[in-house]
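Q: next come a sequence and a model predicted from it.
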Amino acid sequence: MTSNVITPGQRLAKDSEYISSEGTYTHKGYIYSSVLGFQHIIKKNLNKPTSEEINNSNNSNVNNSDDRDFIVVLKEKEPSVVPEIGSIVTVQVLRINPKLASVAILCVGTKALKETFNGIIRIQDVRATEIDKVEIYKSFRPGDIVLAQIVNISNIL
């Protein structure tokens, strides 16, 4: 299994090396992913397949003498956590400018995210009082880890 997320249309291997299976398709000699998920290599069962397995096989071009392993792309069983308004998040500061800090959201509550989301911390959201005296570069530096709350900026504007 790879630790990277496989996207639809991503080339995985030559069809001479593996047998296309669940979550994949073949095109012009290559195997591609048809779903978003993680790649798995399944060793071909050395036992003779049962008649039920042969009847249920969706790969009619697979013969019993073929010793290639199966390549599959499986979706995650557990859905990803998505930040919502009001969520407490752990973020890492990526860069700053005089009006805001750009951040990558790493965790929502106590759950680590499988993919990163981007966000911003505006100068007026750094603290509740003396907003006009806030200097963003004195509050944050790139690489800082910050605990923050997601707010709806459309209500503020």
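A: Nice, thanks for sending it over. Computed from a predicted structure; not experimentally measured. Numbers count the residues shown, from 1 in each chain.

Q: only C-alpha atoms from now on, for both contacts and neighbour counts.
A: Fine.

Q: could you list the domains of this protein?
A: 11-74, 88-156 (automatic domain parsing).

Q: mean pLDDT for those: which is lowest?
A: Per-segment mean pLDDT for these reaches its minimum on domain 11-74, at a mean of 76.

Q: can you redo the domains of the chain as JSON lines with mean neighbour count and distance to V82?
A: Output for the domains of the chain, formatted as JSON lines (neighbours: other CA atoms under 10 Å; distance: least, CA to CA, whole Å):
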{"stretch": "domain 11-74", "mean neighbour count": "15", "distance to V82": "17"}
{"stretch": "domain 88-156", "mean neighbour count": "15", "distance to V82": "7"}
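
Q: what segments of this structure are strands?
A: With strands called from DSSP state E, the chain shows them at 11-14, 18-20, 24-27, 30-33, 38-42, 69-74, 88-97, 100-108, 111-122, 145-149.

Q: out of those, nearest to I131?
A: Taking CA to CA, strand 111-122 is the member of these nearest to I131, at 10.6 Å.

Q: direction included, what does that closest one pair up with?
A: strand 100-108 (antiparallel) (DSSP bridges).

Q: could you list the buried residues of stretch 75-89?
A: Of all the residues in stretch 75-89, those buried under the rule 16 or more other CA atoms under 10 Å are 83, 88-89.
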